[in-house]
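Asks: here is my input; please provide its structure:
(chains A and B)
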Amino acid sequence: MKRNGSSSRFRQSITTVLYPLFFGILILVLWQTQALHAMLNIDPFVLPLPSRINSIIGESLPKIMTNVWATLIVAVAGLLLGSLFGYLIAIVATVFPKWGAGGLSIVTAFNAIPIVALAPVITNWTKDVSSDANIRSMVAKIIVVLLMCTASMSLNAYRGLTELRPFSQDLLESYAAGKFTIFRKLRLPNSVPYIFTALRVSVPLSVISALVSEYFAEYVIGVGRQIRENIVLGQYPTAWAYITVACLIGIVMYAVLIVCESILLRHRK
Amino acid sequence: MKALQTIRSSRKLVTLVWILGLIILWECGAFYIEAVKRTPENVLPHLWQIIASVFSTKVISNGQTATQIVLTNAGATLLRAGYGFLIGMAGGFLLAILMKLSGIVEKVAFPYLMLIQMIPILGMAPIVLAITKDIGVSRIVIAAILTFYPVCTNTLAGLKSVEQEKLDLMYLCAANRYQVYWKTLIPTCIPFFFTGLKISAPMAITASILVDTLQGDGGLGCMLSQSLKHAMSIYVFWQIVFLSAFVGVASSWLMGLLERRFSPQKRLAARKGA
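Replies: Residues are numbered from 1 along each chain as shown, chains lettered A, B, ... in the order given. Below is the predicted model of the structure:
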């Protein structure tokens, strides 16, 4: 009976992997054999075959890598600074509950501001940062990503710092623990899983913001900008190569996050 | 005395003070910029200058004033964002129901739902434009894709959050599948569904504006980039920035309003809280 149960579970986990894999391969095959083009009525020039995209990535790898680095630096720096900033806001909101919580609702409102409105404004404001256009637009892009990533971290971290286990704060207070001790021993550890909840939202967001802010930056560099420039020039295969790379950046950053989370939170489960 | 206390401790006042603080900060910056820059209106104009430009009757281009330009283009952009939003909403909800109904659909679709979340769809906007060849259609498509996955994942989480006891009760009442969905599963997932909508409403608007910037065919984004290139008054740019910020916030707020209309539990909770 028991063996039967485990074998059915085995079958379950096999199908969980196999079904999506089969679906993905089906799409790839349809794409490569141009059946997809016939169905959606697209020219193979606009939607190049996977083999062609692959060969282009191989050919112009050094150039792609410089653009990948430019985007990656912006996304990671903005993500880290924004998360740090968001966490600091959450701490301030925890220490001064009345005024801080009101400030948090303002931060939420900021979150709904479209990035297309934000990016050109920031580009305008950072004109004097450096005489080098590359550094100047890099700073502008990082600030945009920073602002986009702040809200999710501050909201989640605030929940993590305030939604404590019942009576745990009372217990510490009965030990005559000061506010700082409560903060360090109770609130800080309690907020760690919430930090990862926030990062799961803001990691994909940071990549998207980095790509979009490149559209509005002065200096022409980065994966997002290359997608656009190549389409303007009509070089669709190259543009697709950059799209593939952009997707890979998103997936890799998310995977890194999941690995970090499973290492850091392994004692919690 | 007591009335004063309630006013002082109310949340609205706190928010108001914060907004006032931001306005003061902006104005300080504007005065500073005015002192050091040659063209301060490009960097940081005074708020009253922006407000004055809204009411000014000066014709800027095509016989329209700045406000007329912004509003007509906003109409085109927001309408497309709205279509895409509705399509994405319906699609996301249906797929979530399908995934709940059939294990195979769930297994096939779930990893791709996770994957689509990590793919920068906005970065793909130019290629969608190239494929659909029509800027209106590509606006709708991108807004729909962006709406689709938050709605779908949140609704699915809602469908899965139904307590086993409720399902057992429905089973005891000899409810058929349709009744189980209509009376138990769907009402439970409605708050989750609205969480998804709240996330995706500003995203749909962002997507629509972004697609505008790709082609000179009207729309807010197009005016935004033209104004930045000084093809028309820079105040058009500032008006669009504030309008899109306002619409983004308002769309999220509107979803919250709709949620309270559609879910009785929330209405009750709001009344209790008040």
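
Asks: rest of the way, CA atoms for contacts and neighbours
Replies: Noted.

Asks: please name the nearest non-neighbouring residue to the residue nearest in space to the middle of chain B.
Replies: With distances taken as C-alpha atoms, centre = their mean, B:Pro202 lies nearest the centre of chain B, 1.7 Å away. Nearest non-adjacent residue to B:Pro202, counting by C-alpha to C-alpha, 6 or more residues apart in numbering or on different chains: B:Gly248, 4.7 Å away.

Asks: picking that back up, wait, what's in contact with the residue nearest to the centre of chain B?
Replies: By C-alpha atoms under 8 Å, 6 or more residues apart in numbering or on different chains, the contact set of B:Pro202 is A:112-114, B:247-249, B:251-252.

Asks: and for the residue nearest to B:Pro202, the neighbour number?
Replies: B:Gly248 has 23 neighbouring residues, counting by other C-alpha atoms under 10 Å in any protein chain shown.

Asks: that one: what secondary structure?
Replies: helix (DSSP: H, G, I helix; E, B strand; the rest coil).

Asks: now B:Thr65. Its backbone dihedrals?
Replies: phi -80, psi 170 (degrees, to the nearest 10).

Asks: does it have beta-bridge partners, and which?
Replies: B:Val59 (DSSP bridges).

Asks: can you tell me the closest non-neighbouring residue to the residue of the stretch 51-200 of chain A found nearest chain B?
Replies: Going by C-alpha to the nearest C-alpha, chain B is nearest to A:Ile113 of the stretch 51-200 of chain A, at 4.4 Å. Nearest non-adjacent residue to A:Ile113, counting by C-alpha to C-alpha, 6+ apart: B:Ala245, 4.4 Å away.

Asks: let me know the pLDDT of the one you found.
Replies: On pLDDT, B:Ala245 comes in at 80.

Asks: hmm, it is touching A:Val116, no?
Replies: No - the pair B:Ala245 / A:Val116 is not scored as a contact, 9.7 Å apart, by C-alpha atoms under 8 Å.

Asks: ok, the two, which is more surrounded?
Replies: Counted by other C-alpha under 10 Å, B:Ala245 and A:Val116 do not tie: A:Val116 has more neighbours, with 26 against 23.

Asks: only C-alpha atoms, please: export the helix or strand that contains that one in CSV.
Replies: For A:Val116, the element it lies in under DSSP states H and E is helix A:115-125. Provided in CSV are the C-alpha atoms of helix A:115-125 (Å, rounded to 0.1, in the frame of the first residue of the first chain):
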residue,chain,number,x,y,z
ILE,A,115,8.1,54.4,-14.7
VAL,A,116,7.8,56.2,-18.1
ALA,A,117,6.9,59.4,-16.2
LEU,A,118,9.8,58.9,-13.7
ALA,A,119,12.6,58.1,-16.0
PRO,A,120,12.8,61.3,-18.1
VAL,A,121,12.4,63.5,-14.9
ILE,A,122,15.3,61.8,-13.2
THR,A,123,17.4,62.0,-16.4
ASN,A,124,16.7,65.8,-16.3
TRP,A,125,17.7,66.1,-12.7
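
Asks: can you give me how far the helix or strand that A:Phe22 is a member of is from the chain middle?
Replies: In this structure, A:Phe22 sits in helix A:2-32 according to DSSP H and E. Centroid displacement of helix A:2-32 relative to its chain, using C-alpha atoms, centre = their mean, to the nearest Å, is 28 Å.

Asks: just stretch B:44-51 next, same as before
Replies: Counting by C-alpha atoms, centre = their mean, stretch B:44-51 comes out at 25 Å from the chain centroid.

Asks: neighbouring contacts of that stretch?
Replies: Counting by C-alpha under 8 Å, 6+ apart, A:125, B:26-27, B:29-31, B:33-34, B:235, B:238-239 sit against stretch B:44-51.

Asks: what residues of it count as buried?
Replies: Within stretch B:44-51, the residues scored as buried using 16 or more other C-alpha atoms under 10 Å in any protein chain shown are B:44-46, B:50.

Asks: repeat for stretch A:233-243
Replies: Buried, per 16+ other C-alpha under 10 Å, within stretch A:233-243: A:236-243.

Asks: same question, stretch A:113-122
Replies: Buried-residue list, stretch A:113-122, by 16+ other C-alpha under 10 Å: A:113-122.

Asks: ditto for stretch A:200-216
Replies: So stretch A:200-216, judged by 16+ other C-alpha under 10 Å, has buried residues A:200-216.

Asks: for B:Leu129, which non-adjacent residue is closest in space?
Replies: Closest to B:Leu129 by C-alpha to C-alpha, 6+ apart is B:Ser138, at 5.3 Å.

Asks: show me what whichever strand or helix holds that neighbour packs onto, helices and strands only.
Replies: Secondary-structure assignment from DSSP H and E places B:Ser138 in helix B:135-160. With contacts taken as 3 or more C-alpha pairs under 8 Å, 6 or more residues apart in numbering or on different chains; DSSP states H and E, helix B:135-160 sits against helix B:66-101, helix B:103-118, helix B:125-132, helix B:186-212.

Asks: which elements pack onto the shortest one?
Replies: Spelled out, it's helix B:125-132. For helix B:125-132, the packing partners by 3+ C-alpha pairs under 8 Å, 6+ apart are helix A:223-232, helix A:236-264, helix B:135-160, helix B:186-212.

Asks: and if you look at the second one?
Replies: Contact analysis of helix B:103-118 by 3+ C-alpha pairs under 8 Å, 6+ apart lists helix A:2-32, helix A:236-264, helix B:66-101, helix B:135-160 as its packing neighbours.

Asks: does the third one come close to chain A?
Replies: I take that to be helix B:66-101. No - against chain A, helix B:66-101 shows no contacts by C-alpha under 8 Å from any C-alpha of the partner chain, the least distance being 12.8 Å.

Asks: could you check the angle helix B:135-160 makes with that helix?
Replies: Angle, helix B:66-101 to helix B:135-160, by axes from the mean of the first three to the mean of the last three C-alpha atoms, to 10 degrees: 40 degrees.

Asks: so for helix B:66-101, mean pLDDT?
Replies: 86.

Asks: tell me the helices and strands packed up against it.
Replies: Against helix B:66-101 (3+ C-alpha pairs under 8 Å, 6+ apart) you get helix B:47-55, helix B:103-118, helix B:135-160, helix B:186-212, helix B:220-228, helix B:234-262.

Asks: and B:Gln164, how far from chain A?
Replies: According to C-alpha to the nearest C-alpha, to the nearest Å, B:Gln164 and chain A sit 21 Å apart.

Asks: okay, now that residue: neighbour count?
Replies: Neighbour tally, B:Gln164, other C-alpha under 10 Å: 10.
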